[in-house]
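> kindly return the folded structure for what I paste below:
(one chain, ligands or ions: 1)
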Amino acid sequence: MQVLNTELVRSYFPALQQDFIFMDNAGGSQILQPVIDKVQKYWIEANVQHGASYAVSQKAKAMLAEGKAAMAALLNPNSPEELVMGGSASLLIKLLAESFGRILKAGDEIIVSAADHEANVSPWTDLERLGIKIKIWQFRESDFLLHSEDLDQLLSPRTRIVACTHCSNVLGAINPIREIADKVHAHEAKLVVDGVAYAPHRLVDVQALDADFYVYSLYKIYGPHYGVMYGKKELWEQLPGMNHYFIKEDDIPYKMEPGGENYELVYGMTGLTDYLKAIALAHGAKEGEELRTYCQQAFDLFTTQETAIAEKLIAFLQSRSNVRIIGPATADPQQRVSTIAFVVEGMKSDEIVKEVDPHHIGIRFGDFYAKKVIASLGLQPQNGVVRVSMVHYNTVEEVDRLIAVLEQIIS
Ligand SMILES: Cc1ncc(COP(=O)(O)O)c(C=O)c1O
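Sure thing, here's the model as predicted:
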């Protein structure tokens, strides 16, 4: 297995040049210099309205199409039109739920999960006001996963939507989305997947997952503060548009993008695919491949790096009898990502983080808006969990520094 050149990787991130260890990446990752450059390029070369006949407007439109092609390489939709862009994952799911709210009927049912961030919970529970019935799908405490068999008791002929996370932003456990999608579809319901905590770690393939809707934030995958929501074309066709009344229902994705797209941020995402391609090529990939092939090769390298650093931290945490890992106690990349949460017996989670802060290491405590995760596990009294969320640019040396600090705190 090839090792990721982290020195090369880190040279692409200006924020990483300072003496600080960023391990709160599930809250937001650092941004790539190529993304910054591309956003600036758009502003300098093409900052005009689209749809006019003059040359710069035509160029702006072409640059936006390049940005959408980059997003398509990252998600693998049938076509870039299936991608709706918007301010954040929370905002996009809210928009989707409000649109569904216009066609659902009293007595219809929606299943939300206890493993989710509230971004994919409260937009759905808010629909209770329309007489829609909400059911909660618990994850199992034995493996921290959502099990499709547990859906059997919840699904009914009235189920219209199942909303769940691909990966918990606290537990780090990867849920079996394809298996869940098959079950949901067998009941003629739709599956809405929150991919925010998954996408920084693995390349998403919405077609292979067969999710009906799949949402994530770009600022957690080394890009700007913005979000993307995939939906199957036939579903966008059926859903009521959320834009002005005069925007036609077949104007996809615009009918779901009130105010339009943020052009410079969409174009900026070509900086991410450029980076992924450069990393793949620097590690022996062949010239002339499809963009998505390079994306996959880069993410495979990221997975190897993330597994190595996760293994180190998990081994340390397991060696302490007073520590409980809140998530799978393994670094197996099939089972988890490198977002690792834990609690320490006899200590509040905030106490631990406050002692780490002076060491120039950014980690965090709390519920991370995954309210049902923390409540289900009864962890409110200790102020939630301590979360160390690492990505591919974190190094073994950084984990060693964190472990040395934790060794002093967790005696
Ligand atoms: C799993 C998960 N879903 C959704 C969100 C919300 O994302 P956004 O800030 O883009 O609304 C977060 C943010 O932390 C998250 O971790």
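> only C-alpha atoms from now on, for both contacts and neighbour counts.
Noted.
> and residue 201, how many neighbours?
As a burial measure, residue 201 scores 23 neighbours (other CA atoms under 10 Å).
> which strand or helix spans it?
For residue 201, there is no host helix or strand (DSSP states H and E).
> so how far is residue 160 from the closest residue to residue 158 other than its chain neighbours?
Leaving aside its chain neighbours, residue 158 sits nearest to residue 108 (5.1 Å; criterion: CA to CA, 6 or more residues apart in numbering). Distance, residue 108 to residue 160, using CA to CA, to the nearest Å: 6 Å.
> ok, those two, which is more surrounded?
Per other CA under 10 Å, whichever of residue 108 and residue 160 has more neighbours is residue 160, with 22 against 18.
> and the gap between residue 383 and residue 344?
In terms of CA to CA, residue 383 sits 11 Å off from residue 344.
> need the residues touching each of those two.
The overlap between the contact sets of residue 383 and residue 344 (CA atoms under 8 Å, 6 or more residues apart in numbering) is empty.
> what parts of the stretch 51-200 of the chain come near the ligand?
Proximity of the stretch 51-200 of the chain to the ligand, by CA under 6 Å from any ligand atom, involves residues 88-90, 117, 119, 168-169, 194, 196-197.
> could you identify the most distant pair in those?
Across those, the longest distance by CA to CA is 17.4 Å; it joins 88 and 168.
> the more surrounded of the two?
Neighbour tally, residue 88 and residue 168, criterion other CA under 10 Å: the higher count belongs to residue 168, 29 against 20.
> quick one, what contacts that one?
Contacts of residue 168 by CA under 8 Å, 6+ apart are 115-117, 174, 197-198.
> now for those residues, which sits with the most neighbours around it?
Using other CA under 10 Å as the neighbour test, these are led by residue 115, with 32 neighbours.
> ok, now how distant is it from residue 69?
To residue 69, residue 115 is 32 Å away according to CA to CA.
> can you pull out the strands in the chain?
Assigned by DSSP state E, the chain shows strands spanning 21-22, 83-86, 109-113, 133-137, 159-165, 190-194, 213-217, 227-231, 323-325, 339-344, 361-362, 364-366, 385-389.
> could you give the angle of the longest helix that the chain contains to strand 385-389?
Longest helix in the chain by number of residues (criterion: DSSP state H): helix 291-318. Interaxial angle, helix 291-318 versus strand 385-389 (axes from the mean of the first three to the mean of the last three CA atoms, to 10 degrees): 140 degrees.
> quick one: list the elements packing against helix 291-318.
On a contact count with 3 or more CA pairs under 8 Å, 6 or more residues apart in numbering; DSSP states H and E, helix 291-318 meets helix 55-75, helix 270-282, strand 323-325, helix 396-409.
> swap the cut-off to 10 Å and go again
With contacts taken as 3 or more CA pairs under 10 Å, 6 or more residues apart in numbering; DSSP states H and E, helix 291-318 sits against helix 6-11, helix 55-75, helix 270-282, strand 323-325, strand 339-344, strand 385-389, helix 396-409.
> make a markdown table out of the ones you listed and add mean pLDDT.
Below are the helices and strands packed on helix 291-318 laid out as a markdown table (pLDDT from 0 to 100):
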| stretch | mean pLDDT |
| --- | --- |
| helix 6-11 | 98 |
| helix 55-75 | 98 |
| helix 270-282 | 98 |
| strand 323-325 | 98 |
| strand 339-344 | 98 |
| strand 385-389 | 98 |
| helix 396-409 | 98 |
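> now residue 344, nearest residue through space, not along the chain?
Excluding its sequence neighbours, the residue lying closest to residue 344 (CA to CA, 6+ apart) is residue 323, at 4.6 Å.
> surely the one you found meets residue 352?
No - counting by CA atoms under 10 Å, residue 323 sits too far from residue 352 to count as a contact (11.9 Å).
> of these two, which one has the most company?
Neighbours of residue 323 and residue 352, each counted by other CA under 10 Å, are more numerous for residue 352; the result is 20 against 17.
> quick one: pLDDT of the more buried one?
Note for residue 352: predicted pLDDT of 98.
> hmm, it is touching residue 410, no?
Yes - with contact defined as CA under 10 Å, residue 352 counts as touching residue 410 (8.1 Å).
> any shared contact partners between those two?
Taking CA atoms under 10 Å, 6 or more residues apart in numbering as the criterion, residue 352 and residue 410 both touch residue 344.
> just put the residues of the stretch 51-200 of the chain next to the ligand in CSV and tack on distance to residue 2 and pLDDT.
Output for those, formatted as CSV (distance: CA to CA, whole Å; pLDDT from 0 to 100):
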residue, distance to residue 2, pLDDT
88, 34, 98
89, 33, 98
90, 36, 98
117, 34, 98
119, 36, 98
168, 28, 98
169, 27, 98
194, 30, 98
196, 27, 98
197, 25, 98
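> which of those residues fall in helices?
Members of those lying in helices (criterion: DSSP H): 89-90.
> could you dump the residues of the stretch 51-200 of the chain next to the ligand into CSV and include distance to residue 147?
Below are these laid out as CSV (distance: CA to CA, whole Å):
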residue, distance to residue 147
88, 28
89, 24
90, 24
117, 18
119, 21
168, 14
169, 17
194, 16
196, 20
197, 18
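> tell me the residues on the stretch 201-350 of the chain that lie near the ligand, please.
Residues of the stretch 201-350 of the chain lying close to the ligand by CA under 6 Å from any ligand atom are 217, 227.
> show me the shaky parts of the stretch 201-350 of the chain.
Across the stretch 201-350 of the chain, nothing is flagged by pLDDT under 70.
> pick out the residue of it closest to the ligand.
Going by CA to the nearest ligand atom, the ligand is nearest to residue 217 of the stretch 201-350 of the chain, at 4.4 Å.
> ok, that residue - contacts?
Counting by CA under 10 Å, 6+ apart, residue 217 makes contact with 28, 85-90, 92, 194-197, 199-200, 223-229.
> go with 8 Å
Going by CA under 8 Å, 6+ apart, the list of residues near residue 217 reads 88-89, 196, 225-228.
> of those residues, which is the most crowded?
Ranked by neighbours (other CA under 10 Å), those are led by residue 196, which has 28 neighbours.
> surely it meets residue 219?
No - between residue 196 and residue 219 there is no contact under CA atoms under 8 Å: 9.6 Å.
> show residues contacting stretch 322-329.
Applying CA under 8 Å, 6+ apart, the contact partners of stretch 322-329 are 143-144, 170-173, 314, 317-318, 335-336, 340-345, 385, 410.
> which parts of that stretch are buried?
Applying a neighbour-count criterion of 16 or more other CA atoms under 10 Å, one finds 323-329 buried in stretch 322-329.
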